[in-house]
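**Student:** next input, structure requested:
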Amino acid sequence: MTAPTSPRIDHHPDIVALRAHSEEATSTPVAQAVEALALLCGVYLAASPWIVGFSGSTTLAVNNLITGVALAFLVGGFGQAYERTHAMSWAALCIAVWTIVAPWIVSGHAFATRAVVSNVVVGAVAVLLALAMAGMGMVRAEQR
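**Tutor:** Numbers count the residues shown, from 1 in each chain. Modelled structure (predicted):
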């Protein structure tokens, strides 16, 4: 027995309306600015060991490289497929919180002040941006 063929789901009115709402949400200058700043936070986090000068702390340097690349890819996906990825802003929030606490958890010894300050500042900015992205997604969901 074969399953009956159904019309393409891509053309369903609800899907089309959802995509229209998602495109509207990402087309605002505020949403684009938040995404761009969050992407820059991820790139800076990945490069921070070499920018700030704590690349000798290999555990924190590798941690920042991995979490920075993950944050940049995660946020980079928001602009491409907002309707499927805006809920992942909570994952960006987790990465941002990890960035703040990482200098104390990653290794048993204290790092240089510049490493701690760099991670706390970029983590705090990323937390605010992730909350802004999540808030925009929740506002859009309520408006539907």
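
**Student:** which stretches of this protein have low pLDDT?
**Tutor:** In the prediction, the chain carries residues with pLDDT under 70 at positions 1-27, 78-87, 107-111, 137-144.

**Student:** please enumerate the helices of it.
**Tutor:** If you assign secondary structure with DSSP state H, the helices in the chain sit at 13-26, 29-48, 58-80, 82-85, 89-105, 113-143.

**Student:** and those as TSV, adding mean neighbour count?
**Tutor:** For the C-beta atoms, the positions are set from N, CA and C on the backbone; glycine is no exception. Rendered in TSV, the data for the helices of the chain read as follows (neighbours: other Cβ atoms under 10 Å):
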stretch	mean neighbour count
helix 13-26	13
helix 29-48	19
helix 58-80	18
helix 82-85	18
helix 89-105	19
helix 113-143	18
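
**Student:** which residues touch the closest residue to Ala47 other than its chain neighbours?
**Tutor:** Using Cβ to Cβ, 6 or more residues apart in numbering and skipping residues adjacent in sequence, the residue nearest Ala47 is Gly68, 7.1 Å away. Residues near Gly68 by Cβ atoms under 8 Å, 6 or more residues apart in numbering: 42-48.

**Student:** out of those, who's nearest Ala130?
**Tutor:** Gly42 (10.9 Å; Cβ to Cβ).

**Student:** ok, Ser118 touching Gly53?
**Tutor:** No: taking contacts as Cβ atoms under 8 Å, Ser118 lies outside contact range of Gly53: 9.5 Å.

**Student:** before we move on, back to that, now the residue nearest to Ala47: how far from Gly53?
**Tutor:** When Cβ to Cβ, to the nearest Å is applied, the distance between Gly68 and Gly53 equals 16 Å.
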